[in-house]
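In: Here is my input; please provide its structure:
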Amino acid sequence: MTPSVEKPAEITEENIRRLVDAFYVCVRADSVLGPIFERAIPGDWQPHLEKMYAFWSSVMLTSGRYKGNPVVKHMVIPGMTPELFTRWLALFDAACRELFDDAVSAAFRGKAERIAESLKLALFYRPDRPWPPEPASATETTLR
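Out: Have a look, this model is predicted:
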């Protein structure tokens, strides 16, 4: 019998890097999100990864390392739809569950869900339209 590998039970800078790296491997391989990210981040991904390490460090460890405006960054991405956040969250959730114990995974996912909702509101909410918006199609919200 092979002993099970114990998953990390704490949030550290190293664990944040592991999550960001693993998550973006999945994003880049994803049939829907991959092309969108490739258009938004052509070439060297390391600067984006460094920003994401700082972002999640600020979110999870209150380090204050992230200096940026995610709403402005996402506003200029062609093809952004609210449904993409569902897909993003599913991949993020899978990466968290793979890497961390239940408590750490839940902490990351809880923050990610609030961030995704905030971004969706900032990017897509209009007082004259129903919220949440209706999905364009059911297939856009599921993982293939």
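In: Name the nearest residue to residue 15, ignoring sequence neighbours.
Out: Nearest residue to residue 15, sequence neighbours excluded (C-beta to C-beta, 6 or more residues apart in numbering): residue 8, at 5.2 Å. (Each C-beta comes from the backbone N, C-alpha and C, glycine too.)
In: what's the answer for residue 36, then?
Out: Computed as C-beta to C-beta, 6+ apart, the closest residue to residue 36 that is not its neighbour in sequence is residue 79, at 5.6 Å.
In: which SS class is that neighbour?
Out: Of the three states, residue 79 takes coil according to DSSP: H, G, I helix; E, B strand; the rest coil.
In: buried set for the worst-scoring helix or strand of the chain on mean pLDDT?
Out: Within the chain, no helix or strand scores below helix 70-75, which has a mean of 91 by mean pLDDT, DSSP states H and E. By neighbour count on 16 or more other C-beta atoms under 10 Å, the buried set for helix 70-75 is residue 74.
In: Which residues does that helix contact?
Out: For helix 70-75, contacts defined as C-beta atoms under 8 Å, 6 or more residues apart in numbering pick out 55, 80, 115, 119, 122-123.
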